[in-house]
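In: Turn this into a model:
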Amino acid sequence: MQTLTSPVMATDWRHSLIDNREKTLTQIYAQAYPMVLHYVKQHNGSPEDVQDLLQEAIILFYEKVVQEQLTLTASVSTYLMGICKNQWRQDLEKRHRQQNRLPEIIKQQWEEPTSEPDKPAQNLIHFVAQLGKKCQDILVAFYYWGQAMPRIAEQHQYRNVHTATVQKFKCLERLRKSLATFTIEDFR
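Out: Below is the predicted model:
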């Protein structure tokens, strides 16, 4: 496998990616995967995390090479490893911040509304909570935590991603129906 170590080789990679993209990207993935897997596993990650990270890094690499915006002085796998390390650190920091906020969010969800007794509760979390635990978990995971549907499907033990997506859609429809009588003014 070639390594990108000079502008001339970057041109060679560009032609290789254009002429036989699938084979070239598969080779790059196979070369970089073990290194990224080792790093991510050492830092509390899973093989699924590695797949996501590496795919995003390869897409970035591919776009930069094809658009002739990349000159490397190291191997492709080293370049991809750097991208994956930086992204994984950012993901871990985000997860840490989210975990630190979780008790605060849960407390807010179960507090009594402070609105006047004759007004309906107008807190969106209140409406989401009324959908039931399953819908609440799915919607919060997807929209608040930004989790991908494959991860949500796995966490909630759905047969496949499509089933989880359909369930999310049904939950959203139920939420829309429960909010149908309200206007934006009711939530200000």
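In: List the buried residues for stretch 136-150?
Out: Gln136, Asp137, Ile138, Leu139, Val140, Ala141, Phe142, Met149 (16 or more other C-beta atoms under 10 Å). C-beta: built from backbone N, CA, C; applies to glycine.
In: how about TSV for the residues you listed, with secondary structure added?
Out: Formatted as TSV, those follow (DSSP: H, G, I helix; E, B strand; the rest coil):
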residue	secondary structure
Gln136	helix
Asp137	helix
Ile138	helix
Leu139	helix
Val140	helix
Ala141	helix
Phe142	helix
Met149	helix
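In: Just give me the closest of these to Leu37.
Out: Leu37 lies nearest to Met149 out of these, by C-beta to C-beta, at 22.7 Å.
In: didn't that closest one look like it was pressed against Phe142?
Out: Yes - in this structure, Met149 is within contact of Phe142 by C-beta atoms under 8 Å, at 7.1 Å.
In: Just give me the neighbour total for the residue lying closest to Ser46 once chain neighbours are set aside.
Out: Distance criterion C-beta to C-beta, 6 or more residues apart in numbering; nearest residue to Ser46, sequence neighbours excluded, is Val40 at 7.6 Å. Counted with other C-beta atoms under 10 Å, the neighbours of Val40 add up to 25.
In: For Val40, list the residues it contacts.
Out: Going by C-beta atoms under 8 Å, 6 or more residues apart in numbering, Val40 touches Ser46, Asp49, Val50, Leu53, Cys84, Trp88.
In: gap between the fifth one and His43?
Out: For Cys84, the distance to His43 (C-beta to C-beta, to the nearest Å) stands at 11 Å.
In: same thing with the last one?
Out: Between Trp88 and His43 the distance is 6 Å, computed by C-beta to C-beta.
In: And those two? Which one has more around it.
Out: Neighbour tally, Trp88 and His43, criterion other C-beta under 10 Å: the higher count belongs to Trp88, 20 against 13.
In: C-terminal to the helix or strand that one falls within, which secondary structure element comes first?
Out: Element membership for Trp88, per DSSP states H and E: helix 76-110. Note on helix 76-110: by DSSP H and E, the next helix or strand toward the C-terminus is helix 124-130.
In: Just the CA trace of that next one, in PDB.
Out: Extracted as PDB, the C-alpha positions of helix 124-130 are listed here (Å, rounded to 0.1, in the frame of the first residue of the first chain):
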ATOM      1  CA  LEU A 124     -41.900  20.600  26.700                       C
ATOM      2  CA  ILE A 125     -40.200  18.100  28.900                       C
ATOM      3  CA  HIS A 126     -43.500  17.600  30.700                       C
ATOM      4  CA  PHE A 127     -45.100  16.700  27.400                       C
ATOM      5  CA  VAL A 128     -42.300  14.300  26.400                       C
ATOM      6  CA  ALA A 129     -42.600  12.600  29.900                       C
ATOM      7  CA  GLN A 130     -46.300  12.000  29.300                       C
END
